[in-house]
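Peer 1: sequence below, structure please.
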Amino acid sequence: MHGFSVVEMWQSMGLLSKGITLFMILMAIYMLAIIIERAIRFYNGSKQSFDYVVALRRELQRGNVEAAIQAAKTYPWSPLAKVMEAGLSEYRAGLLALKTEGPDEVGDFDLVDAVNRALERVKERETTNLRRGLGGLATVASAAPFVGLLGTVIGIINAFSKLAGGGGMDVVGPGIAEALVNTAVGLFVAIPALMFYNFFTNMVERFVVDMNDVSSEFVGYVLKEGRTK
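Peer 2: You can find the predicted model right below:
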């Protein structure tokens, strides 16, 4: 009995089975690209967010809003820095409006509400950016096993059709191997996709919690300091 190589197995596959296998390989490449891109994004974002929070608190303790805004620009990977840059810029603009126009001319302008709306607007956008690609991972994780199962069914059908034609194990073997390989490839793609989807989803939730905490802390700062400027 001679060994059955990958090349021989590929050559024995039908056109539809080859298409299914290639499709799963493309899903694996797509999954890998998302994992690498999101891993880099989250690692740099987490590190820069921590560094920016330290800088932000230092500058706000000094009352230096302009320095806090400029510091945010030096952390482009940090979603928290982008959220705070929007809030700080709105805070600075609101203070300028109150000083130059006066409360009567400004009317019912609420500095705290304006800052809070700016923070929420950018927070939603950054949360959406953090979740980019995760839907693709979820789709791969849920679809890959079924695509592999489809290849398995086709392989078994081919194997039994050859067996019905009077073939022996040497003829049926490639079809069975084809079915098992499609199943294995489907699981090989789906399992890491699901694991990284759950991991990245937890990372997004951590970023959201951090953005909410720091935003709330800054709104508290505006309530204490902003109205007296």
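
Peer 1: longest helix in the protein, please.
Peer 2: Identified as the longest helix of the chain according to DSSP state H is helix 169-225.

Peer 1: pLDDT (mean, whole number) over it?
Peer 2: Averaging pLDDT along helix 169-225 yields 88.

Peer 1: same deal with stretch 88-107?
Peer 2: The model assigns stretch 88-107 a mean pLDDT of 73.

Peer 1: also stretch 46-60?
Peer 2: Mean pLDDT, stretch 46-60: 94.

Peer 1: same deal with stretch 20-27?
Peer 2: Mean predicted confidence for stretch 20-27 is 91.

Peer 1: E126 contacts M84, correct?
Peer 2: No - if you go by CB atoms under 8 Å, E126 and M84 don't touch, sitting 10.6 Å apart. (Each C-beta comes from the backbone N, C-alpha and C, glycine too.)

Peer 1: one step back: and the longest helix of the chain, what does it pack onto?
Peer 2: Secondary-structure packing of helix 169-225 (3 or more CB pairs under 8 Å, 6 or more residues apart in numbering; DSSP states H and E): helix 6-12, helix 15-61, helix 79-101, helix 111-130, helix 134-164.

Peer 1: give me the angle between the third one and helix 111-130.
Peer 2: An angle of 150 degrees separates the directions of helix 79-101 and helix 111-130 when computed by axes from the mean of the first three to the mean of the last three CA atoms, to 10 degrees.

Peer 1: list the buried ones in helix 79-101?
Peer 2: 79-91, 94-95, 97-98 (16 or more other CB atoms under 10 Å).

Peer 1: nearest residue to I154 other than its sequence neighbours?
Peer 2: S17 (5.3 Å; CB to CB, 6 or more residues apart in numbering).

Peer 1: coming back round to it: quick one: closest of the helices and strands packed on helix 169-225 to P192.
Peer 2: helix 15-61 (7.0 Å; CB to CB).

Peer 1: mean confidence for the next helix or strand after that closest one?
Peer 2: Following helix 15-61 in sequence order, the next helix or strand is helix 65-73 (DSSP states H and E). If you average the pLDDT over helix 65-73, you get 93.

Peer 1: chain center to helix 65-73: distance?
Peer 2: 27 Å (CA atoms, centre = their mean, to the nearest Å).

Peer 1: before we move on, what about stretch 213-229?
Peer 2: Centre to centre, stretch against its chain (CA atoms, centre = their mean), the figure for stretch 213-229 is 31 Å.

Peer 1: buried residues, it. List them.
Peer 2: V214, S215, F218, V219, Y221, V222, G226.

Peer 1: save the residues you listed as CSV, and put in distance to L130 too.
Peer 2: CSV is the format used below for those (distance: CB to CB, whole Å):
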residue, distance to L130
V214, 15
S215, 15
F218, 20
V219, 21
Y221, 25
V222, 25
G226, 29
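
Peer 1: can you tell me which of these is closest to N44?
Peer 2: The closest of the buried residues of stretch 213-229, once distances to N44 are taken by CB to CB, is V214, at 17.7 Å.

Peer 1: can you pull the contacts of the closest one?
Peer 2: Residues near V214 by CB atoms under 8 Å, 6 or more residues apart in numbering: V53, L56, L80, V83, M84.

Peer 1: do N212 as well
Peer 2: Here N212 is in contact with K123 (CB under 8 Å, 6+ apart).
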